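> Whatever this is, show me its structure:
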Amino acid sequence: MGKGGSLNESVAKKILLSYAYVSIWIFLSFTVIVYNKYILDKKMYNWPFPISLTMIHMSFCSALAFALIRVFKLVEPVSMSRDLYISSVVPIGALYSLSLWFSNSAYIYLSVSFIQMLKALMPVAVYSIGVVFKKETFKGNAMINMLSISFGVAVAAYGEARFDSWGVGLQLSAVGFEATRLVLIQILLTSKGITLNPITSLYYVAPCCLVFLFVPWIFVEFPVLKETSSFHFDYAIFGTNSLCAFALNLAVFLLVGKTSALTMNVAGVVKDWLLIAFSWRVIKDTVTPLNLIGYGLAFLGVTYYNYLKYQALTAKEAQKKALPADEESGKLLEDTGKKTDSEA
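Residues are numbered from 1 along each chain as shown. Next up is the predicted model:
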């Protein structure tokens with residue numbers, strides 16, 4: 001009885017911790033998105049400089065990651081040669097900088113709710129790019145699922161009250177760059193046995209992002225900022241915003257490390273619905289019935305995608321558990337054979 005009670009307590013504790021990790025990630029992701037929208041939107045804080053904002057984030061994250069690894073030595077750096085850094089980290093850093101730049105730029109032109117609807121295309125982009133790089137196998141049912149998600153997003157876009165083609169182009173480009181980055185992480189790092197946690201990831205990738213962002217910043221935003229003499233750097237706003245972005249990276253590692261990437265995908269759907277509701281009720285963005293119908297269709301497609309991922313994960317785990325049992329059976333047969341030989 002006591003054993004069963006302690007087992008139930010252990011399961012309950014794991015469930016509660018999982019909910020806590022999910023809640024922390026949703027809260028921080030929600031906060032960063034709304035905070036970025038607040039800073040960049042011309043009707044709110046009115047500081048429409050997405051490259052500068054991204055560079056502030058990367059500078060803050062680089063400095064903090066450097067301090068945690070080199071000064072306080074709380075995290076061990078990864079052994080990485082110069083050639084590996086150039087061939088693996090630099091391309092990932094370039095894609096990450098473009099993804100962040102374009103996604104932050106989209107907040108100037110589109111509502112928070114519509115951006116979340118467009119982000120539903122992420123599984124489509126990851127699967128399609130995975131097929132191109134031969135990390136995913138082309139399957140007819142999977143492609144039908146991808147088309148259903150795309151159709152749902154198209155319906156949502158058709159019903160968007162504040163449709164802006166430039167903003168949509170920016171967000172779709174951000175989705176494409178992010179999907180390519182995720183696939184390249186598997187090819188360039190994971191396949192070589194290199195795993196980066198959020199601290200080491202920012203330590204290696206954030207400075208690279210800064211270099212890539214500096215080039216367009218010089219030509220696009222620096223001349224405008226130079227002429228804006230009335231601007232004064234608000235340490236409270238940009239400091240807390242950067243801290244939230246850094247904390248979000250830690251929350252991603254905590255959520256995926258303690259639960260799974262699948263849990264984060266499911267939690268992401270919940271977060272998207274919350275953001276759509278917040279955008280409609282608090283920010284007063286227009287959300288049309290056609291928006292909701294389209295996103296509802298995309299949501300069903302994403303849910304089915306997550307279900308397929310869950311099935312594949314379950315099958316993989318079952319296969320792993322079956323292997324030791326097969327090995328034990330083999331050993332047992334081998335021992336029995338030896339015993340029979342000795343008895344003969």
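> Okay, now the unreliable bits of the stretch 1-150 of the chain?
Applying pLDDT under 70 to the stretch 1-150 of the chain picks out residues 1-7.
> all helices of it, in order?
In the stretch 1-150 of the chain, the segments counted as helices under DSSP state H, counting those that start in this stretch are 2-40, 50-66, 82-84, 90-109, 112-118, 122-132, 140-158.
> out of these, which comes closest to residue 283?
helix 112-118 (6.3 Å; CB to CB). To be clear about C-beta, it is placed using only N, CA and C from the backbone, and glycine gets the same treatment.
> So for the chain, the centremost residue is which one?
residue 252 (7.7 Å; CA atoms, centre = their mean).
> Next up, identify which helix or strand that residue is on.
helix 235-258 (DSSP states H and E).
> Pull out the buried residues from that helix.
Buried residues in helix 235-258, defined by neighbour count with 16 or more other CB atoms under 10 Å: 238, 241-242, 244-252, 254-256.
> count of neighbours near residue 291?
Each residue near residue 291 was counted by other CB atoms under 10 Å, and the total is 24.
> so it touches residue 115, yeah?
No. Using CB atoms under 8 Å, residue 291 is not in contact with residue 115, being 12.0 Å away.
> want to throw the helices of the stretch 1-150 of the chain into JSON lines with mean neighbour count and distance to residue 302?
As requested, those are exported to JSON lines (neighbours: other CB atoms under 10 Å; distance: least, CB to CB, whole Å):
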{"stretch": "helix 2-40", "mean neighbour count": "15", "distance to residue 302": "16"}
{"stretch": "helix 50-66", "mean neighbour count": "21", "distance to residue 302": "26"}
{"stretch": "helix 82-84", "mean neighbour count": "10", "distance to residue 302": "35"}
{"stretch": "helix 90-109", "mean neighbour count": "22", "distance to residue 302": "18"}
{"stretch": "helix 112-118", "mean neighbour count": "25", "distance to residue 302": "11"}
{"stretch": "helix 122-132", "mean neighbour count": "19", "distance to residue 302": "6"}
{"stretch": "helix 140-158", "mean neighbour count": "17", "distance to residue 302": "6"}
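> follow-up on the earlier one: could I get the helix holding residue 252 in PDB with only the CA atoms?
Extracted in PDB, the C-alpha atoms of helix 235-258 (Å, rounded to 0.1, in the frame of the first residue of the first chain):
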ATOM      1  CA  TYR A 235      17.400  50.700 -20.200                       C
ATOM      2  CA  ALA A 236      14.300  49.600 -18.300                       C
ATOM      3  CA  ILE A 237      12.400  48.700 -21.500                       C
ATOM      4  CA  PHE A 238      15.200  47.100 -23.500                       C
ATOM      5  CA  GLY A 239      16.800  45.500 -20.500                       C
ATOM      6  CA  THR A 240      13.700  43.700 -19.300                       C
ATOM      7  CA  ASN A 241      12.800  42.800 -22.900                       C
ATOM      8  CA  SER A 242      16.300  41.300 -23.500                       C
ATOM      9  CA  LEU A 243      16.100  39.500 -20.100                       C
ATOM     10  CA  CYS A 244      12.700  37.900 -21.100                       C
ATOM     11  CA  ALA A 245      14.300  36.800 -24.500                       C
ATOM     12  CA  PHE A 246      17.200  35.200 -22.600                       C
ATOM     13  CA  ALA A 247      14.800  33.500 -20.100                       C
ATOM     14  CA  LEU A 248      12.800  32.100 -22.900                       C
ATOM     15  CA  ASN A 249      15.800  30.300 -24.300                       C
ATOM     16  CA  LEU A 250      16.300  28.700 -20.900                       C
ATOM     17  CA  ALA A 251      12.700  27.800 -20.700                       C
ATOM     18  CA  VAL A 252      12.900  26.000 -24.100                       C
ATOM     19  CA  PHE A 253      15.800  23.900 -22.800                       C
ATOM     20  CA  LEU A 254      13.900  23.200 -19.600                       C
ATOM     21  CA  LEU A 255      10.700  22.200 -21.300                       C
ATOM     22  CA  VAL A 256      12.400  20.000 -24.000                       C
ATOM     23  CA  GLY A 257      14.900  18.500 -21.600                       C
ATOM     24  CA  LYS A 258      12.400  17.600 -18.900                       C
END
